[in-house]
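1. need a 3D model of the following:
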Amino acid sequence: MAKHRKRRLPKLSEKPEPGTGRYYTSYRGEDGKPRRKRFSADRGASEIAYHRWVVEYFDEEATITVNGIDAGSADKSLPVIANAYVQHEKNRVRPDGGRRVKGTISQRVSHDNKRQVVAILRWCKERFGDRLKTESFDRLMTATDYEALMLHFAGRLSDSQINKHRQRFWEIVRFAKRAPFEVVLPFDRDDVRKFGGTETRKQRMLPTVKMIQDLLKAATLRQRLWIWMGLGLGFGNDDLARARSIHFDKDSYDMSRGKTGFQRYGEMRPMVWAWLQAYLKENPREEDEPLFVTRTGEPLVWVKSKTEDELINGVRSRLPTETPYKRSDAVAQSWKRLKKRAGLEDWEEGFYVWRHLGATAYAARPGTGIAQLRTFLGHGKSDAADEYLKPLTPATKKVVAWVNKVLDASNADAWKKKV
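-> This is a model prediction of the structure:
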């Protein structure tokens with residue numbers, strides 16, 4: 001059956017169809033004429049059949065409610081399991097602006113997870129055809145099939161995306177072991193080739209000392225403080241959006257990282273403190289008030305759910321898309337303008353480069369170990385922080401030595417001195 005060019009997900013009827021007593025869904029065929037797909041008179045069976053039909057016909061993600069399905073009678077096919085997993089992830093989404101409770105995820109992460117599930121289902125549909133909807137997951141997927149799936153992604157995606165699709169597949173595998181499915185694949189991670197592994201980190205193009213000085217000269221007071229907080233405290237865009245004066249004093253800072261929730265504290269570098277004081281002198285803040293906001297009073301970085309109107313008509317800056325959230329990053333926008341003023345618009349690095357350079361400089365200080373670096377970065381795993389403990393190139397050594405020297409200077413203008 002042909003697919004729509006513009007997919008619009010039909011909904012399963014709330015009540016049985018008069019006359020037939022069966023649940024149904026209404027949609028438009030390829031010719032544009034209204035059609036009706038009828039399922040069973042049993043609500044539970046209709047939901048399963050409906051979601052399988054959606055995956056087959058629309059090649060889209062759908063949701064499914066699995067509560068109340070007995071393990072013995074549950075449909076154990078991959079589309080049903082995958083869509084039940086999507087619904088499970090959707091239920092973990094926290095409200096906009098809600099506290100980052102352990103076990104919850106943002107709407108953006110949920111949406112990305114669904115895209116990866118859809119990509120896996122699309123490949124499986126091409127490889128298995130009708131077997132995808134008739135065979136149980138454990139009989140359908142072999143170790144060879146899994147490796148073919150990952151090789152398919154390896155030929156099309158970046159290392160980061162390969163890793164995310166790999167993670168999503170094994171999340172579905174773990175989910176399939178639960179009731180009501182209780183499906184266990186005949187192979188596990190140790191039986192197949194490793195794909196993706198720990199996310200391959202982008203090779204950063206770190207700035208030279210002259211580039212840093214040019215940027216600082218062109219920067220506003222607020223932008224200078226951002227750069228020093230990135231270098232001296234390892235702050236990224238989201239960290240700046242959450243920073244408050246209560247988190248800092250002359251000797252130290254203490255602020256858990258929003259992305260991971262891990263405790264984050266350390267020594268306050270003199271250069272950071274000097275510019276923080278200069279900023280607060282011109283922009284007084286209450287202790288629990290955000291240090292930085294946009295001109296309209298919004299947080300520097302935010303993600304919000306779209307309204308029904310925005311989903312249909314699009315938002316102010318974009319046409320309608322299936323993405324259920326909208327986001328804004330004033331730090332990234334300001335950073336682009338700053339690079340242009342400094343004559344460095346061809347330098348492709350984003351503001352996050354200061355967090356990487358700051359972590360590299362911190363790791364180069366005497367006595368710094370993996371535990372201290374993890375606390376500096378707010379990382380929970382050693383393998384992530386360990387990326388910054390690798391040997392430095394001669395060029396990077398010069399930049400790192402200058403950064404550490406200037407961060408420890410008590411004179412706020414020490415960075416202006418020629419090297």
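2. tell me the pLDDT at residue 259?
-> With respect to pLDDT, residue 259 scores 52.
3. try residue 251
-> Model confidence at residue 251 (pLDDT) stands at 91.
4. got a list of what it touches?
-> Residues counted as contacts of residue 251 (CB atoms under 8 Å, 6 or more residues apart in numbering) are 267, 268. Glycine gets a C-beta too; all of them are placed from N, C-alpha and C.
5. quick check: it vs residue 76, distance?
-> Here residue 251 is placed at a distance of 59 Å from residue 76 (CB to CB, to the nearest Å).
6. equivalent analysis for residue 290, please.
-> Distance, residue 290 to residue 76, by CB to CB: 49 Å.
7. what about the helices in the stretch 1-150 of the chain?
-> 43-58, 78-90, 107-128, 131-134, 137-140, 143-154 (DSSP state H, counting those that start in this stretch).
8. just checking, what packs against the helix or strand just after the last one?
-> Taking DSSP states H and E as the definition, the helix or strand that follows helix 143-154 towards the C-terminus is helix 159-176. Packing partners of helix 159-176 (3 or more CB pairs under 8 Å, 6 or more residues apart in numbering; DSSP states H and E): helix 78-90, helix 107-128, helix 143-154.
9. buried deepest among these, which one?
-> helix 78-90 (a mean of 22; mean count of other CB atoms under 10 Å).
10. restrict stretch 339-359 to CA atoms and write it as PDB.
-> This file holds the C-alpha atoms of stretch 339-359, laid out as PDB (Å, rounded to 0.1, in the frame of the first residue of the first chain):
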ATOM      1  CA  LYS A 339      32.800  35.800  16.300                       C
ATOM      2  CA  LYS A 340      31.800  38.100  13.500                       C
ATOM      3  CA  ARG A 341      32.800  41.200  15.300                       C
ATOM      4  CA  ALA A 342      36.200  39.600  16.100                       C
ATOM      5  CA  GLY A 343      36.700  38.600  12.500                       C
ATOM      6  CA  LEU A 344      36.600  34.900  13.300                       C
ATOM      7  CA  GLU A 345      33.200  34.000  11.700                       C
ATOM      8  CA  ASP A 346      35.000  31.200   9.700                       C
ATOM      9  CA  TRP A 347      36.000  29.500  13.000                       C
ATOM     10  CA  GLU A 348      33.300  26.800  13.300                       C
ATOM     11  CA  GLU A 349      33.500  26.100  17.000                       C
ATOM     12  CA  GLY A 350      30.500  27.000  19.200                       C
ATOM     13  CA  PHE A 351      30.600  28.500  22.600                       C
ATOM     14  CA  TYR A 352      31.000  25.000  24.100                       C
ATOM     15  CA  VAL A 353      34.700  25.100  23.100                       C
ATOM     16  CA  TRP A 354      35.400  27.100  26.200                       C
ATOM     17  CA  ARG A 355      34.200  24.300  28.400                       C
ATOM     18  CA  HIS A 356      36.600  21.900  26.500                       C
ATOM     19  CA  LEU A 357      39.600  24.300  26.700                       C
ATOM     20  CA  GLY A 358      38.800  25.000  30.400                       C
ATOM     21  CA  ALA A 359      38.700  21.300  31.200                       C
END
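11. show me the contacts for residue 254.
-> 247, 263, 264, 265.
12. strands - which of those residues land there?
-> If you go by DSSP state E, the contacts of residue 254 have residue 265 in strands.
13. middle-most residue in the protein, spatially?
-> residue 109 (5.1 Å; CA atoms, centre = their mean).
14. what is the subsequent helix or strand relative to the helix or strand bottoming out on mean pLDDT in the chain?
-> Least confident helix or strand, the chain: helix 382-385 with a mean of 59, by mean pLDDT, DSSP states H and E. Next along the chain after helix 382-385, taking DSSP H and E as the criterion, comes helix 394-407.
15. residues of that next one that come out buried?
-> Residues 396, 399, 400, 402, 403, 404, 406, 407 are the ones in helix 394-407 that count as buried (16 or more other CB atoms under 10 Å).
16. so what touches it?
-> 206-209, 212, 228, 231-232, 269-272, 357-358, 360-361, 364-365, 392, 414-415, 419.
17. which among the contacts of residue 254 gets closest to residue 101?
-> residue 263 (16.5 Å; CB to CB).
18. isn't the closest one right up against residue 375?
-> Yes: at 7.0 Å, residue 263 counts as touching residue 375 under the criterion of CB atoms under 8 Å.
19. of the two, give the one with the bigger neighbour count.
-> residue 375 (16 against 12; other CB atoms under 10 Å).
20. pull the distance from the host helix or strand of the more buried one to the chain's centre.
-> In this structure, residue 375 is located in helix 370-377 according to DSSP H and E. Taking the mean of its C-alpha atoms, helix 370-377 sits 22 Å from the chain's own mean (CA atoms, centre = their mean, to the nearest Å).
21. now do the nearest residue to residue 409 once chain neighbours are set aside against residue 10, distance only.
-> Leaving aside its sequence neighbours, residue 409 sits nearest to residue 271 (CB to CB, 6 or more residues apart in numbering; 5.8 Å). Relative to residue 10, residue 271 is positioned 59 Å away (CB to CB).
22. those two: which is more packed in?
-> Shown here are residue 271 and residue 10; by other CB under 10 Å, residue 271 has more neighbours (23 against 20).
23. quick one: contacts for the more buried one?
-> Residue 271 neighbours (CB under 8 Å, 6+ apart): 228, 232, 406, 407, 408, 409, 412, 414, 415.
24. give the buried residues for the host helix or strand of the first one.
-> Using DSSP H and E, the element containing residue 228 is helix 221-233. Burial within helix 221-233, assessed by neighbour count using 16+ other CB under 10 Å, is assigned to 223, 224, 225, 226, 227, 228, 229, 230, 231, 232, 233.
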